[in-house]
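Student: Give me coordinates for this.
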Amino acid sequence: MGIFDAFKGAFSNASYSAPPEGVKASARHILVKSEGEVSAVLNELESGAAFREVAGKYSTCPSGKQGGSLGSFGPGTMVKAFDNVIFNPESCLGEVLGPVQTEFGYHLIVIDKRTGV
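Tutor: Next up is the predicted model:
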């Protein structure tokens, strides 16, 4: 093996591919200030209203304008109580979870995707 073979191996995609995707999630939420509002939101969702519409109507978070979408994020991006639900392997994807109380209010959360957990 010559010096050029070493350089060729150093720059091959097989040896130096991107690392595997880490722990991440994408989720939506509806943030309200009171437990009474939580009940109203849950009633609408249980009656068949779309999460996106209910988020736009009730959520006090700016994400409500995007149907509650928080995009993709890793652990430590959100407050601890929120992360505990999102990154718990026992939390079911696609289901409304909560309410989760934080310093911002009460969150109803839907986890759309989660990797690395």
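Student: what's the longest strand in the chain?
Tutor: strand 105-115 (DSSP state E).
Student: How far does that one sit from its chain's centre?
Tutor: Using C-alpha atoms, centre = their mean, to the nearest Å, the mean C-alpha position of strand 105-115 is found 5 Å from that of the whole chain.
Student: That one pairs with which strands, and in what direction?
Tutor: strand 24-32 (antiparallel), strand 96-102 (antiparallel) (DSSP bridges).
Student: Quick check: which of those is buried the most?
Tutor: strand 24-32 (a mean of 24; mean count of other C-beta atoms under 10 Å). Bear in mind the C-beta positions are built from the backbone N, C-alpha and C, glycine included.
Student: for the next helix or strand after that strand, packing partners?
Tutor: Using DSSP states H and E, the helix or strand that follows strand 24-32 in sequence is helix 35-46. If you count contacts as 3 or more C-beta pairs under 8 Å, 6 or more residues apart in numbering; DSSP states H and E, helix 35-46 packs onto strand 24-32, helix 51-58, strand 96-102, strand 105-115.
Student: Pull out the buried positions in the second one.
Tutor: Pointing back at helix 51-58 there. In terms of neighbour count (16 or more other C-beta atoms under 10 Å), helix 51-58 has its buried residues at Phe51, Val54, Ala55, Gly56, Tyr58.
Student: who touches it?
Tutor: 28-30, 32, 37, 40-41, 44-45, 63-65, 67-68, 96, 110 (C-beta atoms under 8 Å, 6 or more residues apart in numbering).
Student: how distant is it from the center of its chain?
Tutor: Worked out by C-alpha atoms, centre = their mean, helix 51-58 lies 17 Å from the chain centre.
Student: How about the first one?
Tutor: Strand 24-32 sits 5 Å away from the centroid of its parent chain (C-alpha atoms, centre = their mean).
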